[in-house]
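Colleague: okay, sequence plus prediction incoming.
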Amino acid sequence: MSVAFLFPGLASLRAGMLHRLPDTAASATVLAEAEWGHPGGVAQLDTAEALAESEVARHVCLLVAGVAGARALIEDENVLPSAVAGHGLGGFAAALVADLLTFEEALRAVRLRAELLERAEEPVHDIGIRMAQHLATIPRRTHTLPYVAGTSGACLRGDANGVFDDLARSVALPVRWEAMTAALRSTGADRWVELSPGRALTADLTGGGAGAVGPMVRVVSVEERGIAEAADIARGAAGEGVAPVG
């Protein structure tokens, strides 16, 4: 079996998401690292009030949730991805799992993105330019996984600059769903796992039906199924009959 990890965007946010992450050692470690690296900690960022009022809270929570879920699958469930993709902000978690960003670098970048959006002093295309300038200061590293770019729909291999361009442009450009679906199919991944807190990214990719991804592809949401069942499906133990989430 070949597995793609999918990271949702801001539309998937919900109150309490950090308190309902997989109860695993790897997930707990991510939360501890985020507490150390985020000024003021993250424990109170996922309240309904914080998510409604703070763009920084929304951005940091989504990144932490995605990374915690991914590490839980990789380190605790031994589910190793063969490709990654992200919707908008979810691209930062995808780039991290592909070893193009460290957790510290990703946290810093999403905080900057959030602060620029919250101030709303510039058009989003100019914010994208600022993000590109910031990302240009981060060392380029070698891909460990193919990265499916949301803004172009391209499957990027060995192109760190292309990934960072996608991250910068994601603040202003829409996701190309059909192209992303085709690119994910091209990776050969036959299990697509949507990370917390997402429930709808796979539905967006499939257009609400399995036909878009092909009869041999199975899609599952960790949020819907839980970490253990999602891991079983990713390994093929419970793969038959799993329908796209909606």
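Modeller: Received it, and whenever you're ready, just let me know what you need. Numbers count the residues shown, from 1 in each chain.
Colleague: what about the chain, any weak spots by pLDDT?
Modeller: For the chain, the stretches with pLDDT under 70 are 39, 201-203, 206-215, 237-246.
Colleague: most distant residue from the middle of it?
Modeller: Distance from the centre of the chain peaks at Glu121, with 26.8 Å (Cα atoms, centre = their mean).
Colleague: A strand includes it, no?
Modeller: No. Judged by DSSP: H, G, I helix; E, B strand; the rest coil, Glu121 forms no part of a strand; its state is coil.
Colleague: need the contact list for Val84.
Modeller: The contact partners of Val84, by Cβ atoms under 8 Å, 6 or more residues apart in numbering, come to 4-7, 94-95, 97-98, 145-148. In this view, the C-beta of every residue, glycine as well, is placed from N, C-alpha and C.
Colleague: hang on, I meant Ala93
Modeller: Contacts for Ala93 (Cβ under 8 Å, 6+ apart) come out as 7, 62-63, 66-67, 70, 86, 106, 195.
Colleague: from the residues you listed, which is closest to Arg225?
Modeller: Distance to Arg225 across those (Cβ to Cβ) is lowest for Leu195, with 11.8 Å.
Colleague: thinking again about what came up before, quick one, phi psi at the residue farthest from the centre of the chain?
Modeller: Dihedral angles of Glu121 (phi, psi; degrees, to the nearest 10) stand at phi -90, psi -10.
Colleague: can you list the residue ranges for helices in the chain?
Modeller: For the chain, the helices defined by DSSP state H cover 25-37, 48-53, 55-71, 90-97, 103-119, 124-135, 160-169, 177-186, 201-206, 222-225, 227-235.
Colleague: distance to Pro81 for the ones you listed - can I get that in TSV?
Modeller: As requested, the helices of the chain are exported to TSV (distance: least, Cβ to Cβ, whole Å):
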stretch	distance to Pro81
helix 25-37	14
helix 48-53	28
helix 55-71	8
helix 90-97	7
helix 103-119	17
helix 124-135	22
helix 160-169	15
helix 177-186	12
helix 201-206	15
helix 222-225	13
helix 227-235	9
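Colleague: what's the closest of those to Leu80?
Modeller: Of all those, helix 227-235 sits nearest to Leu80, with 9.2 Å by Cβ to Cβ.
Colleague: what comes into contact with the closest one?
Modeller: Helix 227-235 is contacted from outside by 1, 3, 22, 24, 69, 72-73, 76-77, 79, 191, 193, 218, 220-222, 225, 238-239, 242, using Cβ under 8 Å, 6+ apart.
Colleague: among these, which ones are buried?
Modeller: Buried by 16 or more other Cβ atoms under 10 Å: 3, 22, 24, 69, 72-73, 76-77, 79, 191, 193, 218, 220-222, 225, 238-239, 242, out of the contacts of helix 227-235.
Colleague: now do the contacts for the closest residue to Leu45 other than its chain neighbours.
Modeller: Once flanking residues are discounted, Leu45 sits nearest to Ala57: 4.2 Å by Cβ to Cβ, 6 or more residues apart in numbering. Ala57 is in contact with 45-46, 50-51, counting by Cβ under 8 Å, 6+ apart.
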